[in-house]
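# Kindly return the folded structure for what I paste below:
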Amino acid sequence: MAFIETFAIEAAAPFDFDLTAQIFRNGDKQSRTYQEGVFTLVLKLSNQLVLVKVASAGTVEKPVISVDLAANNPITAQDKKTAIEKIKFFFNLDFELNAFYREIKDDPVISQIARQLYGLKNPTTPTVFESLVDSIVEQQISIKVAIALEEKLVKKFGDRLKIENGDYFAFPMPQNIAGATVDEIQQVGLSRRKAEYIHGAAQLVVDGKLDLENMKSNPDSEKIISELDEIRGIGVWTAELTMLRGMQKLAALPADDLGIQRVISRYYCGGRLIKAAEAREIAKRWGTWKGLAAFYLIIAEVKNLSI
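Numbering: from 1, shown residues only. So this is what the prediction gives:
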């Protein structure tokens, strides 16, 4: 018998849940996906795995999301509290998008795209470790291939939750990765070096030498980049991507990313080839929201929006 807990969370307006969650529509149904208006994810809460289902229960201007938690053991008050914190962080529910819209209002390109994507918020990984691992996996390969490798990594090393007549997997804890061999990590299809990088980062976390979660509260982005850059296999691009997707550092712009260069060029430079320096120069007009603006451009390209 599954134990169920249902509640609602209000979000800062505007927030378009469907638009935001659509990036997960092709996700693995056993780990993280968005199907028929419901986002599904497995989270580790206290000492148990919980199946989380999230759906919209409000409007863009009065956003409310409904949450269902399902577990094989009683869901405690602490479990619920932690779930709320993680869901708020995941969907950036407390973030005031209007601050971003005000900052970009004088840029005719991004402001027009923002009007077409009104209410879009940038999802964040539940832990910084997940973002770091994903960023390592995605180094110098296509996002499609990277996602397939990430899903294999989750199923091989993530804890399994058997519930509601199904099997679900949580993203691997650092302990799971550190406890594996490099050969075992490589078996999901990763290169030898990437397997070593991921194993090494996980070991640093387990040994207490790397506190990724504590970095979220550090306002000094350059210091975060410097600290991450010291880790084998992590350069500036990986650090910036980790900050953007795992720490909500929305000023971070992984300008060395070819995909980001492409979308900036499409909407600002007529599609010609540009380099990181030019991408960073264009991004200056977005103020402290460079990473979020780049995310809007990426989604605009996915939706083939025109201006």
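# burial measure for the spatially closest residue to Lys152 that is not a sequence neighbour, as a count.
Leaving aside its sequence neighbours, Lys152 sits nearest to Val188 (C-beta to C-beta, 6 or more residues apart in numbering; 4.0 Å). The way it works is simple: take the backbone N, C-alpha and C, and place the C-beta from them, glycine included. When neighbours are counted by other C-beta atoms under 10 Å, Val188 registers 20.
# go on, Phe39?
Neighbour count for Phe39, taken as other C-beta under 10 Å: 27.
# check contacts around it.
Ala21, Phe24, Arg32, Thr33, Lys53, Val54, Ala55 (C-beta atoms under 8 Å, 6 or more residues apart in numbering).
# helix/strand/coil for the residue nearest to Lys152?
What DSSP: H, G, I helix; E, B strand; the rest coil gives for Val188 is coil.
# any idea how far Ile147 is from it?
Look at Val188 and Ile147: by C-beta to C-beta, to the nearest Å, they are 12 Å apart.
# Also Glu196?
Distance of Glu196 to Ile147, given as C-beta to C-beta: 21 Å.
# same check, this time on Phe39
Phe39 sits 16 Å away from Ile147, going by C-beta to C-beta.
# For Asn122, report the pLDDT, please.
pLDDT, Asn122: 96.
# what's the nearest residue to it if we skip its chain neighbours?
Per C-beta to C-beta, 6+ apart, closest to Asn122 is Phe295, 4.8 Å.
# Please identify which helix or strand holds Leu41.
strand 38-45 (DSSP states H and E).
# can you pull the buried residues of that strand?
For strand 38-45, the neighbour count (16 or more other C-beta atoms under 10 Å) marks Phe39, Thr40, Leu41, Val42, Leu43, Lys44, Leu45 as buried.
# isn't the third one right next to Val52, touching?
Okay, so that is Leu41. Yes: using C-beta atoms under 8 Å, Leu41 is in contact with Val52, at 4.8 Å.
# related to what we said a few turns ago, neighbour count added to the contacts of Phe39, as a markdown table?
A markdown table is the format used below for the contacts of Phe39 (neighbours: other C-beta atoms under 10 Å):
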| residue | neighbour count |
| --- | --- |
| Ala21 | 23 |
| Phe24 | 16 |
| Arg32 | 24 |
| Thr33 | 16 |
| Lys53 | 15 |
| Val54 | 21 |
| Ala55 | 17 |
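# What are the boundaries of the helices in the stretch 1-150 of the chain?
17-21, 77-91, 97-103, 108-116, 128-137, 143-157 (DSSP state H, counting those that start in this stretch).
# quick check: mean pLDDT across the helix or strand Arg262 falls within?
Assessed by DSSP H and E, Arg262 sits inside helix 258-268. For helix 258-268, mean pLDDT rounds to 97.
# so it versus helix 108-116, what angle?
100 degrees (axes from the mean of the first three to the mean of the last three C-alpha atoms, to 10 degrees).
# ok, and what's touching helix 258-268?
Contacts to helix 258-268, defined as C-beta under 8 Å, 6+ apart, come from residues 109-110, 113, 143, 253-255, 271-276, 279, 282-283, 294, 297-298, 300-301, 307.
# Now, of those, which are buried?
Among the contacts of helix 258-268, the ones that count as buried by 16+ other C-beta under 10 Å are 109-110, 113, 253-255, 274, 276, 279, 282-283, 294, 297-298, 300.
# and the two most separated of the residues you listed?
Maximum pairwise distance among these (C-beta to C-beta): 21.3 Å, between Ile113 and Ala276.
# Tell me where the stretch 151-300 of the chain has strands.
Using DSSP state E, counting those that start in this stretch, the strands of the stretch 151-300 of the chain run over 160-163, 166-169.
# So the chain: which segments form each domain?
As assigned by automatic domain parsing, the chain contains the domains 3-93, 128-246.
# How many residues are close by the closest residue to Lys44 other than its chain neighbours?
Nearest residue to Lys44 in three dimensions, chain neighbours excluded: Ala170, at 5.5 Å (C-beta to C-beta, 6+ apart). Neighbours of Ala170 under the rule other C-beta under 10 Å: 23.
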